[in-house]
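J.: Can you look at this prediction? I've put the sequence above it.
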Amino acid sequence: MSDTEFAISASAGADRRDAWRAALSDAFGPFEVHHGRPGNFSGHVRYVRRASLQFNDLHYQGQKLERTAGNVSRLDQEFYTFGLPLAGPLAVQQQGREFQVEPGCVYLMNQSLPYQATAQGASGYRSLSVSFPRSALSQRDSRIGAFYKLRVDDGSPRGALLASYMDHLFKGMGGWSEAEVAELGERLIDLIVLFLVQPGQGYASESDSSVTVAHRQRVLAYIRQHLADPALSPQHVAQGCGVSVAYLHRILRAGGLSAESFIFELRLDKCRELLLNPLHRHRSIAELAYQVGFSHPSHFSRLFKRRFGVTPRDLRAGFQPGLSDPGQQQG
């Protein structure tokens with residue numbers, strides 16, 4: 001069994017922190033990492049992929065992790081994480097809702113929607129978790145919400161069984177064969193659906209059928225393909241995809257997105273990528289902004305600073321907020 005492990009201490013420099021962000025992205029897909037107090041920033045992640053599952057041990061503090069709409073657009077597929085918190089709490093914001101996970105519970109969360117997660121408490125946040133494709137859940141129950149939570153410490157036999165199952169699954173990881181891991185994973189997902197999804201132990205999103213998911217993926221692909229068109233708008237997207245504007249907003253809202261914000265975030269992410277690329281060093285910032293679909297450089301600059309906490313010019317010059325200027329760090 002091969003696994004991947006990465007750790008970072010509070011004394012790490014900017015390069016090491018960039019490596020931490022890259023390690024998280026390798027494990028869970030694209031993330032933004034906002035740094036808190038310099039002396040409190042640390043993290044450790046270990047994960048192993050077996051069968052169609054990924055087993056994770058994640059511990060971090062002094063930081064806020066954010067998955068933006070732009071990050072979501074670069075995910076290969078929709079996936080969920082089932083977690084057993086060992087330290088916490090972790091404060092999460094997703095789809096306009098706020099919730100908390102902490103020791104004494106298990107939870108199921110859609111990782112393919114925009115969200116923010118802030119580690120709290122003296123020892124930060126740590127959890128054991130298993131990640132798997134959304135299809136593993138939807139083939140058992142077509143209505144899957146974005147988040148579910150079940151207490152383990154209230155005497156419930158359901159929560160206790162799930163927590164015990166996870167504990168034994170991780171402790172025996174080195175001894176399970178591939179066939180056993182695959183079968184044990186199937187049984188875990190059966191239990192998750194039986195004890196969390198079907199009783200509705202949390203909040204459910206708007207009905208998200210396979211047809212809705214397929215339409216949403218088609219819409220996002222269309223936006224990516226026409227990003228450079230300054231006239232790109234929800235009306236143009238709806239017409240290009242053969243759906244009504246109202247339906248366009250509905251299927252994106254079910255995925256935690258809005259058409260306008262997704263277009264802007266994707267353009268900003270693309271321009272940030274071009275600004276950091278030495279091959280485009282000779283090109284002006286305004287030229288790059290026009291290339292990704294912005295019509296007004298001043299509007300672009302305001303959105304860019306709001307999104308990344310730094311102006312396009314400062315980013316190109318090598319300034320990194322939260323690292324060289326502690327006064328602008330985020331918690």
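T.: Arrived safely.

J.: which one's the longest helix in this protein?
T.: Secondary structure of the chain per DSSP state H: the longest helix is helix 259-276.

J.: How about the contacts made by residue 162?
T.: Contacts for residue 162 were tallied using C-beta atoms under 8 Å, 6 or more residues apart in numbering; they are 84, 106, 150, 152, 191-192, 195-196. In this view, the C-beta of every residue, glycine as well, is placed from N, C-alpha and C.

J.: pLDDT weak spots in the stretch 151-300 of the chain?
T.: Applying pLDDT under 70 to the stretch 151-300 of the chain flags the ranges 200-211, 213, 254-257.

J.: now residue 166, nearest residue through space, not along the chain?
T.: residue 84 (4.7 Å; C-beta to C-beta, 6 or more residues apart in numbering).

J.: quick one on the thing from earlier: in JSON lines, list the contacts of residue 162 along with neighbour count and secondary structure.
T.: Below are the contacts of residue 162 laid out as JSON lines (neighbours: other C-beta atoms under 10 Å; DSSP: H, G, I helix; E, B strand; the rest coil):
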{"residue": "84", "neighbour count": "23", "secondary structure": "strand"}
{"residue": "106", "neighbour count": "28", "secondary structure": "strand"}
{"residue": "150", "neighbour count": "21", "secondary structure": "strand"}
{"residue": "152", "neighbour count": "20", "secondary structure": "coil"}
{"residue": "191", "neighbour count": "16", "secondary structure": "helix"}
{"residue": "192", "neighbour count": "25", "secondary structure": "helix"}
{"residue": "195", "neighbour count": "20", "secondary structure": "helix"}
{"residue": "196", "neighbour count": "24", "secondary structure": "helix"}
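
J.: what packs against the longest helix of the chain?
T.: Using 3 or more C-beta pairs under 8 Å, 6 or more residues apart in numbering; DSSP states H and E, the elements in contact with helix 259-276 are helix 69-73, helix 210-225, helix 234-241, helix 245-254, helix 285-291, helix 297-308, helix 312-317.

J.: then the first one to PDB, C-alphas only?
T.: Taking C-alpha atoms only, helix 69-73 is exported to PDB below (Å, rounded to 0.1, in the frame of the first residue of the first chain):
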ATOM      1  CA  ALA A  69     -16.300  28.500  -7.800                       C
ATOM      2  CA  GLY A  70     -13.100  28.700 -10.000                       C
ATOM      3  CA  ASN A  71     -11.600  25.800  -8.000                       C
ATOM      4  CA  VAL A  72     -14.800  23.800  -8.500                       C
ATOM      5  CA  SER A  73     -14.500  24.200 -12.200                       C
END
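
J.: how far is it from where the chain is centred?
T.: 8 Å (C-alpha atoms, centre = their mean, to the nearest Å).

J.: which residues are contacting it?
T.: 29-32, 112-114, 220, 224, 255-257, 261-262, 265-266, 268-269.

J.: one more time with 7 Å
T.: 29-32, 112-114, 220, 224, 257, 261-262, 265-266, 268-269 (C-beta atoms under 7 Å, 6 or more residues apart in numbering).

J.: Show me which of the residues you listed is closest to residue 78.
T.: The nearest member of the contacts of helix 69-73 to residue 78, counting by C-beta to C-beta, is residue 112 at 4.0 Å.

J.: check contacts around that closest one.
T.: 72, 75, 78-79.
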